[in-house]
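# predicted model and sequence below, questions to follow.
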Amino acid sequence: MYKIIEFKTMGDCRGSLIALEDNSNVPFKIKRVYYIFNTKEGVKRGFHAHRDLKQIIIPVSGSCKILLDSGDSKEELILDNPTKGLFLDSLIWREMYEFSKDCVLVVLASEYYNESDYIRDYSRFLKEIDNG
Ligand code: TYD
């Protein structure tokens, strides 16, 4: 499951501000934040799913495309709006590409980094969702 979460923008004549809070506009306790930036031209990233991790991806600058694959269906989204976060539940295969030079993705994560939570092999992903 995935969904777009529209964040409320606090704007005034100086510009815009968005605040993110646990269990409020972020539907989980945030244990980790990381950001992806300076992605080289033509690079594709991701190519994995997570067994338990939930995430929100926010394109705070620039844009990229993301392919989301539930095993049954695939959809491509463009991430280009810093007021919208992409909530990704567990067990969604994702691939990211066509990063603009200025693209910065901030990612909020529900768990600490744990390599054993990753499914990096696509056929393994299909097996795990079948058995789920
Ligand atoms: P990876 O998840 O493979 O990046 P992407 O899905 O964007 O292609 O992570 C790249 C590297 O960074 C990999 O060696 C794991 C490491 N890493 C951490 O050490 N901590 C983290 O929180 C994350 C997300 C990655």
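Looks like it came in fine.
# C-alpha only now, for contacts and for neighbours.
Noted.
# report the distance from stretch 76-89 to the chain centre.
On the basis of CA atoms, centre = their mean, to the nearest Å, stretch 76-89 sits 7 Å off its chain's mean C-alpha point.
# span of that stretch from start to end?
Using CA to CA, to the nearest Å, the span of stretch 76-89 from its first residue to its last is 16 Å.
# for residue 56, which non-adjacent residue is closest in space?
The shortest distance from residue 56 to any non-neighbouring residue, by CA to CA, 6 or more residues apart in numbering, is to residue 87 (4.3 Å).
# next, give phi and psi for that neighbour.
The main-chain torsion angles of residue 87 are listed as degrees, to the nearest 10 and equal phi -90, psi 120.
# identify the bridge partners of it.
Partner residues in beta bridges with residue 87: residue 3, residue 56, with DSSP bridges as the criterion.
# look up how far residue 68 lies from it.
The separation that residue 87 has from residue 68, given CA to CA, amounts to 11 Å.
# now residue 127, what's its secondary structure?
helix (DSSP: H, G, I helix; E, B strand; the rest coil).
# sorry, slip of the keys, the one I care about is residue 116.
Under the three-state scheme (three-state DSSP), the conformation of residue 116 reads as helix.
# for the ligand, what are the nearby residues on the chain?
Listed as neighbours of the ligand in the chain under the rule CA under 6 Å from any ligand atom: 45-46, 113.
# who wins for most neighbours among these?
Sorting these by how many neighbours each has (other CA atoms under 10 Å) puts residue 45 first, at 15 neighbours.
# so what's the spatially closest residue to that one that is not a sequence neighbour up against?
Once its chain neighbours are removed from consideration, residue 45 has its nearest residue in residue 96; the separation is 5.1 Å (CA to CA, 6+ apart). By CA atoms under 8 Å, 6 or more residues apart in numbering, residue 96 lies in contact with 44-47, 64-67.
# let's see 7 Å
The contact partners of residue 96, taken as CA atoms under 7 Å, 6 or more residues apart in numbering, are 44-46, 64-67.
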